[in-house]
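# Here is a sequence together with a model predicted from it:
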Amino acid sequence: MKFETLAIHDGQAPDPRTGAVSVPIYQTSTFQQDAIGKFREGFEYSRSGNPTRQALEAALALLEGGKHGLAFGSGNAATIAALQLVKPGDQILASDDTYGGTYRIFEKILRPWGVDIRYVDASDTAAVEAAIGPKTALIWVESPTNPLLKLVDIAALGALAHRRGLLLVVDNTFASPYLQRPLELGAHVVVHSTTKYLGGHSDVIGGALVTSERDLYDPIKFYQNAAGAVPGPWDSWLVLRGIKTLKVRIEEQQTTALRLARFLEAHPAVERVYYPGLSSHPQHALAKRQMRGFGGMISLQIKGGFPAVERLVAKLKLFLLAESLGGVESLLCYPPKMTHASISPEERARRGIHDNLIRLSVGLEAADDLEADLRQALQV
Ligand code: P1T
């Protein structure tokens, strides 16, 4: 069956008791037991398991082509849970371009725990291989990356990880399972901030992990219950609802994004555009091979530095200045002071997050209106 059919039916079967076609929201903290240790349908307490969350976890696993899904209270909670797979003394090879919050987890939580983190340009598979050392246990990448939209060759990294006995974790938030399925390319674990494309409506914070390997699932499932950063039933349901329209949203958003990226690339006030769908993108050929489309995220550098950024932000009417992405409304983010503010200015400069960098999340407004908004705001 095709993706959009799975997104509507899998894990979201009508309620067997009433026939309700939308999964019920089991807004309960606990479940009555028939006798001591005898649970109906296996549910005991909602931190351990809840039917609405279970439906979401099943849906996420199926959409990613994996066997096991785990839902969390945020993308960061999912990231921390995946990182329980390493132990003090291990080394992580991490992509040198990731969400700032992920970098903060590496530097402020993992490093003090005694885990070493080494950053590499993961779009260069040979550089990743060259960086592997005796302590390396796990490779962590995003593709496309946040905010520079670099791609990594997931199949090549998957083969490398398997050859060298390492775990490959892919944060698939920017692509979503509609555009790319890392487990099929050799990743061991997929991470999501479901806050973004999966939820899709800027109304919920959530995270997820998917894997096909029981020996990875079991310890993370244990951690999920023990640490307790689970989404409530209502938030689980919002993500389930978002998933049903993922394909149509992304198709529309990426059609508009390609048009806007071309418009911006040709605009004299723009210095550089980062969008995997442009032939100028360094990994455009890989994007065509690895992804079903190029997605709804665009980053750009504008001429005139920070003052020009401030002018643009003040003039835009439709692009809302806000963190996050993947919703129905178009958003503008200024990574140096927002999503990547936890990275030092020196490290940001090394990574290429310059003071004139802007990130756009393209929503579902008419492409004509969005282009007109950018045109009027870029006018000097
Ligand atoms: O915000 P949260 O649901 O906890 O997800 C964290 C996260 C994880 N991975 C990636 C690739 C992300 O982009 C994020 C969150 N990012 C933003 C809030 C942002 O505006 O980029």
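Yes, it's here. Residues are numbered from 1 along each chain as shown.

# can you pull out the strands in the stretch 251-380 of the chain?
270-274, 297-302, 320-321, 331-333, 357-361 (DSSP state E, counting those that start in this stretch).

# And for Pro88, the neighbour number?
For Pro88, the count of nearby residues is 9 (other CB atoms under 10 Å). In short, each C-beta sits where N, CA and C put it, glycine included.

# er, Pro16 actually
7.

# and the longest helix anywhere in the chain, what's its mean pLDDT?
When the chain is scanned for its longest helix (criterion: DSSP state H), the result is helix 246-265. Averaging pLDDT along helix 246-265 gives 98.

# same for that helix, what does it pack against?
helix 3-9, helix 176-179, strand 270-274, strand 297-302, helix 367-378 (3 or more CB pairs under 8 Å, 6 or more residues apart in numbering; DSSP states H and E).

# Go through these and pick out the most buried.
Counting by mean count of other CB atoms under 10 Å, helix 176-179 has the highest mean neighbour count of the helices and strands packed on helix 246-265, with a mean of 25.

# now the next helix or strand after it, how far from the chain's geometric center?
Remark: after helix 176-179, the chain's next helix or strand is strand 189-193, criterion DSSP states H and E. Relative to its parent chain, strand 189-193 has a centroid offset of 6 Å by CA atoms, centre = their mean, to the nearest Å.

# again, but for stretch 258-273
25 Å.

# ok, now stretch 242-254?
The answer for stretch 242-254 is 15 Å, by CA atoms, centre = their mean.

# How about that stretch and the ligand, any contact?
No: using CB under 6 Å from any ligand atom, stretch 242-254 never reaches the ligand; the gap is at least 13.1 Å.

# and for that stretch, what are the contacting residues?
With contacts defined as CB atoms under 8 Å, 6 or more residues apart in numbering, stretch 242-254 is touched by 3-4, 7-8, 12, 59-60, 63, 176-179, 194, 197-201, 204, 277, 293-296, 328, 362-364.

# Make a PyMOL selection of whichever of these turn out to be buried.
To isolate the buried members of the contacts of stretch 242-254 in PyMOL, using 16 or more other CB atoms under 10 Å:
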select buried, resi 3+7+8+12+59+60+63+176+177+178+179+194+197+198+199+200+204+277+293+294+295+296+328+362+363+364
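
# Please list the residues of the stretch 51-200 of the chain that sit near the ligand.
74-76, 99, 101-102, 142, 146, 171, 173-174, 193, 195.

# and of the strands of the stretch 251-380 of the chain, who's closest to the ligand?
strand 331-333 (5.5 Å; CB to the nearest ligand atom).

# Give me the sheet partners of that closest one and which way each runs.
According to DSSP bridges, strand 331-333 has the following sheet partners: strand 320-321 (parallel), strand 357-361 (antiparallel).

# do stretch 312-331 and the ligand meet at all?
Yes: judged by CB under 6 Å from any ligand atom, stretch 312-331 comes into contact with the ligand through 323-325.

# and the residue in the stretch 101-250 of the chain that the ligand sits nearest to, how many neighbours?
For the stretch 101-250 of the chain, the residue closest to the ligand is Ser193, as judged by CB to the nearest ligand atom, at 3.1 Å. Residues near Ser193, counting by other CB under 10 Å, number 30.

# What of the one 3 residues further on?
By the criterion of other CB under 10 Å, Lys196 has 24 neighbours.

# Number of residues surrounding the nearest residue to it once chain neighbours are set aside?
Nearest residue to Lys196 in three dimensions, chain neighbours excluded: Gly326, at 3.3 Å (CB to CB, 6 or more residues apart in numbering). If you count neighbours by other CB under 10 Å, Gly326 ends up with 29.
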